[in-house]
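Trainee: based on what follows, work out the 3D shape:
(one chain, ligands or ions: 2)
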Amino acid sequence: MGGIGKLVTLLLLASPIALTVGQLLDCDTSNGWFYLGGSKCYKVFAGNNRRAYARAKDICVSYGSRLATIKDQFESDSLGSKVSQLVPESERPFYIGLKRELRDTCVACKELRWSDGSAASELQGFWGDNQPNEDLGDCVHVYKNEETYVYDRPYTFSYGNCDVQRSFVCERMAAPTGSFHCFQGGYVRQNQVCDGNSDCNDASDELNCPSRCHFYHKELTGANGTLASFVYRNAQTCTWAIETAVGTNAFVELRDFTSEESADIATIYVGSLDPTRATVVGQLSGTVGTRQFRSFNNLMIIVFSTDSEITLSGFSGIYGSLSSSSGLVEYLTADQTQRTFTVSKFTIATITGFMGQRDYVLVIKTQEQYQLGQVITVEVDASKVDAFQLNDGDYIMFFDGDSAADKVLGKLCNTCDNYFTVQSTKNTMSILLRTGRDIASNSNFRIKYQQGKESLLV
Ligand SMILES: [Ca+2]
Ligand SMILES: [Ca+2]
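Mentor: Residues are numbered from 1 along each chain as shown. Ligands and ions are numbered 1, 2, ... in the order given. Modelled structure (predicted):
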């Protein structure tokens, strides 16, 4: 009993002390995070970085954050107006971390949850007119309500289809002013940077330390660069962390690779700058020559560790970012002739495939003069089934209209029931290819399409 009493006293004392100290907080502004008061930092993704809800969530997580939670009026107003300053009007509806999720205990039940895992209620929040309307979808976005009578809550919540690509906002905790901001959230003191100890949870305080053979290449403009050169020494670990723009795939080409076979080893990690959270895509040792690797997202890290004897020539390398050469939305016109379309894969030297974590959208319309009463039939090319191996995380969805907001006609994926023909009920169909975390997708997105009703399934 005495122990509990003591604990309560300490807690009561602790908060006023924390408040009177009044430590100033700030955010990693050099990486686009901003502070609005309170205890959190936010970052907005818009334009080409708009994503479906699940992808937006992934991107937030890769920066040690989560989709923003908006739990009070001040946060709603200040975040809404900040997004309005940063983002053009047409891109302003933005996802927050609020979604109806399936409940573990009940197959068909859904419940509303915040991205921090806490339960939410439709009786709370800043719902707009005629909301919450669950018929519209499970994922919540915020939009500006222009009605004057809602002047006191101008930024309101709406349900929507989770596959629609929208802007989104990530959040993470702010840090005391003057701290070093760890890449994946959290902070350490400046004198802990490059001191040889991993103080950030993700070890990012030791990423950019050239004197310790730890190099950080941040290239957000799409240009290529040369990996920092190093001196091949015994018993050392050199790292090259590469961060390119969100929405691109980082790549590296290691040249003239020569190391002591099985003893001095380069490991290539993708998906994160923290090897403990990243995926290994390659290990090199011995006389290898030139090899290329790419990430499924904009982050990768190369770690080269040597043992205590024998040094050889090592390697050099270049890095850069891959972005889709064509637009991510293609438009096709269907007529009464069956036509074939293959989405072009991305190619760089030996690396061919779809970029990871991207959405490729095809919109097919009938010829204008035949628009009334016409439908579209799409057949997955049955002769190319072998090339149509979707990897985990890849899927293709067919929508009855020009966007992911329309009714789903079907879904093709590794574990789905695959079928080969779908038909719209109107003059437009859209097809979404979503690539997952795999590195070199074997998927070949090839279809036959035609205006008309006859089934093409053989
Ligand atoms: Ca350190
Ligand atoms: Ca060695």
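Trainee: show me the contacts for the residue most central in space within the chain.
Mentor: Geometric centre of the chain, nearest residue: I59, 3.0 Å, by Cα atoms, centre = their mean. Contact analysis of I59 by Cβ atoms under 8 Å, 6 or more residues apart in numbering lists F45, N49, R51, F168, C170, V246, N297, Q357. The C-beta positions use only the backbone N, C-alpha and C, and glycine is treated the same way.
Trainee: go on, L433?
Mentor: By Cβ under 8 Å, 6+ apart, the contact set of L433 is V343, F354, D359, Y360, V361, L362, D394, Y395, I396, S443, F445.
Trainee: how many residues are close by S316?
Mentor: When neighbours are counted by other Cβ atoms under 10 Å, S316 registers 16.
Trainee: list the contacts of the residue of the stretch 1-150 of the chain found nearest ligand 2.
Mentor: Nearest to ligand 2 in the stretch 1-150 of the chain, going by Cβ to the ion, is S62, at a distance of 33.4 Å. Residues in contact with S62 (Cβ under 8 Å, 6+ apart) are Q184, G271, S272, N297, L299.
Trainee: going by distance to C238, which of the contacts of L433 wins?
Mentor: F354 (31.6 Å; Cβ to Cβ).
Trainee: any stretches of this structure with poor pLDDT?
Mentor: Along the chain, segments meeting pLDDT under 70 span 1-22, 147-152, 324-328, 347-351, 369-373, 381-392, 414-419, 438-445, 453-458.
Trainee: would you tell me which residues of it are close to ligand 1?
Mentor: Of all the residues in the chain, those in contact range of ligand 1 (Cβ under 5 Å from the ion) are Q192, D195, N197, D199, D205.
Trainee: and of those, the nearest to ligand 2?
Mentor: For the residues of the chain next to ligand 1, the nearest to ligand 2 is N197 (24.8 Å; Cβ to the ion).
Trainee: name the nearest residue to G47, sequence neighbours excluded.
Mentor: E91 (6.5 Å; Cβ to Cβ, 6 or more residues apart in numbering).
Trainee: run a quick neighbour tally on that neighbour.
Mentor: Neighbours of E91 (other Cβ under 10 Å): 18.
Trainee: that one touches S167, doesn't it?
Mentor: Yes. In terms of Cβ atoms under 8 Å, E91 counts as a neighbour of S167; the distance is 5.1 Å.
Trainee: anything in contact with each of the two?
Mentor: What both E91 and S167 touch, as defined by Cβ under 8 Å, 6+ apart, is the set A46, G47, R50.
Trainee: highest neighbour count among these?
Mentor: Result: R50 is most packed of those (other Cβ under 10 Å), 21 neighbours.
Trainee: state the distance from that residue to V378.
Mentor: R50 is 25 Å from V378, where distance means Cβ to Cβ, to the nearest Å.
Trainee: could you do F168 as well?
Mentor: 30 Å.
Trainee: then C106?
Mentor: Plainly put, C106 is 36 Å away from V378 if you go by Cβ to Cβ.
Trainee: and what of T156?
Mentor: In terms of Cβ to Cβ, T156 sits 37 Å off from V378.
Trainee: and these two? Which one has more around it.
Mentor: Between T156 and V378, counted using other Cβ under 10 Å, the more crowded position is V378 (24 against 20).
Trainee: so what's that one up against?
Mentor: Contact partners of V378, counting by Cβ under 8 Å, 6+ apart, are I364, F398, T421, V422, Q423, M429, I431, I447, K448, Y449, Q450.
Trainee: which one (most neighbours) among those?
Mentor: M429 leads the contacts of V378 on contacts (other Cβ under 10 Å) with 28 neighbours.
Trainee: enumerate the residues of the chain near ligand 2.
Mentor: E260, A263, D264, T306, D307, I310.
Trainee: among these, which lie within strands?
Mentor: Taking DSSP state E, every one of the residues of the chain next to ligand 2 sits outside strands.
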